[in-house]
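**Q** Below are the sequence and a predicted model for it; my questions follow.
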Amino acid sequence: MLTMSDRLMNDVLAEVLRERTRQDKKWGEQNHHPMDWLSILGEEFGEVCEAANRAQWDTHVGEFPFRQECIEVAAVAVGIVESLDRGKWKEKTERRAPLEAELTRLREEKDDARANERILVEKNGKLTFELTRLRKRNEIWERWVKVRRQYTR
């Protein structure tokens, strides 16, 4: 026969399972490196701390999602264990190799664009060099920033 404590635990675990299902629907199967999982778990724990601080120190009346944030932390922890058990996570070096190659290619493109900043133009019948800001250089920079952000995740 189930005790009141057993029923309560079953209810909480059912909530954690529902949250895990919601996370999988939102993000798909996640197979992060353990250090990436630790970052995700830390972010979720930070939300628990924020909810606790708001409940403790905010003077206005409102709902503080402390309990729900705790459910989310538990669900992420379950996700970590699932990922480890699947054994599909990639080493950071495997994930980053394509990004490093792209960064190298973009560096070379950026250097080429910089070299081509000075162009020969004709003004008033005279040939002069003029510095230009190439649109291509800006496009390269935007791609550089985008890839760099992916690389540092």
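**A** Looks like it arrived, so ask away.
**Q** Against E47, how distant is E69?
**A** Noted for E69: a distance of 5 Å to E47, by CB to CB, to the nearest Å. In short, each C-beta sits where N, CA and C put it, glycine included.
**Q** These two: which is more packed in?
**A** E69 (19 against 16; other CB atoms under 10 Å).
**Q** The nearest residue to that one once chain neighbours are set aside sits in which helix or strand?
**A** By the measure of CB to CB, 6 or more residues apart in numbering, the closest residue to E69 outside its immediate chain neighbours is V48, 4.3 Å from it. V48 belongs to helix 34-57 when assigned by DSSP states H and E.
**Q** Just the mean pLDDT for the helix or strand following that helix, thanks.
**A** Going down the chain from helix 34-57, the next helix or strand is helix 66-86, by DSSP H and E. Across helix 66-86, pLDDT averages out at 94.
**Q** could you dump helix 66-86 to CSV, C-alpha only?
**A** Taking Å, rounded to 0.1, in the frame of the first residue of the first chain, the C-alpha atoms of helix 66-86 are listed here in CSV:
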residue,chain,number,x,y,z
PHE,A,66,10.3,28.5,-7.3
ARG,A,67,8.6,25.1,-7.4
GLN,A,68,8.4,25.0,-11.2
GLU,A,69,12.0,26.0,-11.5
CYS,A,70,13.0,23.1,-9.2
ILE,A,71,11.0,20.8,-11.5
GLU,A,72,12.9,22.1,-14.5
VAL,A,73,16.3,21.5,-12.7
ALA,A,74,15.3,17.9,-11.9
ALA,A,75,14.2,17.4,-15.5
VAL,A,76,17.5,18.7,-16.9
ALA,A,77,19.3,16.4,-14.5
VAL,A,78,17.3,13.5,-15.9
GLY,A,79,18.2,14.7,-19.4
ILE,A,80,21.9,14.6,-18.5
VAL,A,81,21.6,11.0,-17.3
GLU,A,82,19.7,10.0,-20.4
SER,A,83,22.3,11.7,-22.6
LEU,A,84,25.2,9.9,-20.8
ASP,A,85,23.4,6.6,-21.0
ARG,A,86,22.9,7.1,-24.8
